[in-house]
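Asks: Just a sequence and a predicted model for now, questions to come.
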Amino acid sequence: MLSFAYPWIVLLAPLPLLAWFALPPHAERRIGLRVPFFDRLTRLSGQQSYAGGLVARRNLGRLLVLTTVWLLMLAALARPEWIEPPLHHDLPARDLLVLVDLSGSMDTRDFTDTSGKTVDRLTAVKQVLDDFLSRRKGDRVGVVVFGDAPFALVPFTTDLELCRTMLRDTAVGMAGPRTAFGDAIGLGIGLFAKSTVKAKTIIALTDGNDTMSKVAPVEAAHVAGDKGIVIHTIAVGDPQAAGEDKLDEAALKEVATATGGGFYRALDRVQLADIYRRLDEVETRKIDTVSFRPRRNVYWVPLAAALVLVLLTQAIILARRHLRPAPARTVAATRGGAL
């Protein structure tokens, strides 16, 4: 579709007519030659005589060329733009951070995979997370792993395949044997610091008691809640365990409640998969669709047309002059003198 950035330029179109009627005609003074056959001379030249001067006959073709060139110049000044069909671009409207516990207790083999084979907790978690992330198109996703200390495995990105690949390569104990859940929440808050989206969510998965954090998980959760971050906690493993592997469900519930999130318990892979299905319903994907129409400046088209028209007109005029036959030389004599 053709559009003009400055359509008001069309108001200048009548300007030559205004100059035609408002300004006085152009006049030139020349030395005249008195001849006795002036009337005959004007008839033969196709011009009309007036008292005190001659008015040349206007060429209709040249007038049309000048008018067309003037209109083309105005069209170029109006800055014509060709508007392309609209393009739609989806922008992420949610940042989702996944906290994954890699402490030594995640090596406990009390889960089963899809084939019924007994696997460790981390393997089951990775399988379910992989399926969960594959459906998060439209979100920016980040991954933090924690053990003795938290580490940002993947910063926020829309490349979900990268997140899934990095998660597959994780192993139990690679971040240390113990659990620093509170520090992991603190690291997540720091990652959200540069986030510009409104929806910010953390999904935290752990199977043990926090024993290494410098900041208690509940205190970190209150800070996250003040910053508009929602935390969903998932407890994995046996709630009857004791010692280092004991689940602090009360703390996980407080963390979730402080931020308006939910607490979930996964005793096996089926429950874990069901939890992520419910989270997929609660944390629906949010996408902001931005539409824009590319514009291409085409002001050069009327400029080029005006230039071609002027050059073509001049070429025709020169060709006609060159092909016009030379007039025969004659000597005219009349009473009163010779020319």
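Replies: Received it, and whenever you're ready, just let me know what you need.

Asks: Return the distance of P16 relative to V310.
Replies: 16 Å (Cβ to Cβ, to the nearest Å). Placement of C-beta: from N, CA and C, glycine included.

Asks: Which one's more surrounded, those two?
Replies: A side-by-side neighbour count of P16 and V310, using other Cβ atoms under 10 Å, places V310 first with 15 against 12.

Asks: which element is I234 on?
Replies: strand 229-236 (DSSP states H and E).

Asks: which residues are contacting that strand?
Replies: 101, 106, 121, 125, 185, 188-189, 192, 200-207, 221, 224-225, 247, 249, 252-253, 255-256, 258-266, 272, 275, 279, 282-283 (Cβ atoms under 8 Å, 6 or more residues apart in numbering).

Asks: Quick check: ChimeraX command selecting the buried ones in these.
Replies: Remark: buried members of the contacts of strand 229-236, expressed as a ChimeraX selection using 16 or more other Cβ atoms under 10 Å:
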select :101,106,121,125,185,188,189,192,200,201,202,203,204,205,206,207,221,224,225,247,252,253,255,256,258,259,261,262,263,264,265,266,272,275,279,283
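
Asks: which intervals of the chain have sub-threshold pLDDT?
Replies: For the chain, applying pLDDT under 70 flags the ranges 30-33, 48-58, 88-93, 208, 237-246, 282-292, 325-339.

Asks: what's the single longest helix in it?
Replies: helix 300-323 (DSSP state H).

Asks: Please flag which of the contacts of strand 229-236 sit within helices.
Replies: Secondary structure defined by DSSP H assigns 121, 125, 185, 188-189, 221, 224-225, 249, 252-253, 255-256, 258-259, 272, 275, 279, 282 of the contacts of strand 229-236 to helices.

Asks: Give me the distance between the closest residue to R135 other than its chain neighbours and K137.
Replies: Distance criterion Cβ to Cβ, 6 or more residues apart in numbering; nearest residue to R135, sequence neighbours excluded, is D280 at 6.2 Å. Distance, D280 to K137, by Cβ to Cβ: 12 Å.

Asks: Also V230?
Replies: 20 Å.

Asks: what does T233 give?
Replies: 25 Å.

Asks: Compare those two (neighbour count), which wins?
Replies: T233 (28 against 12).

Asks: Look up how far A78 lies from I9.
Replies: Applying Cβ to Cβ to I9 and A78 gives a distance of 4 Å.

Asks: quick one, which of these two is more surrounded?
Replies: More neighbours surround A78 than the other of I9 and A78, with 19 against 16 (other Cβ under 10 Å).

Asks: can you list the domains in this protein?
Replies: By the assignment in automatic domain parsing, the chain contains the domains 2-84+295-338, 89-291.

Asks: looking at these, which is buried most?
Replies: Ranked by mean neighbour count, the domains of the chain are led by domain 89-291 with a mean of 18 (mean count of other Cβ atoms under 10 Å).

Asks: Noted, bye for now.
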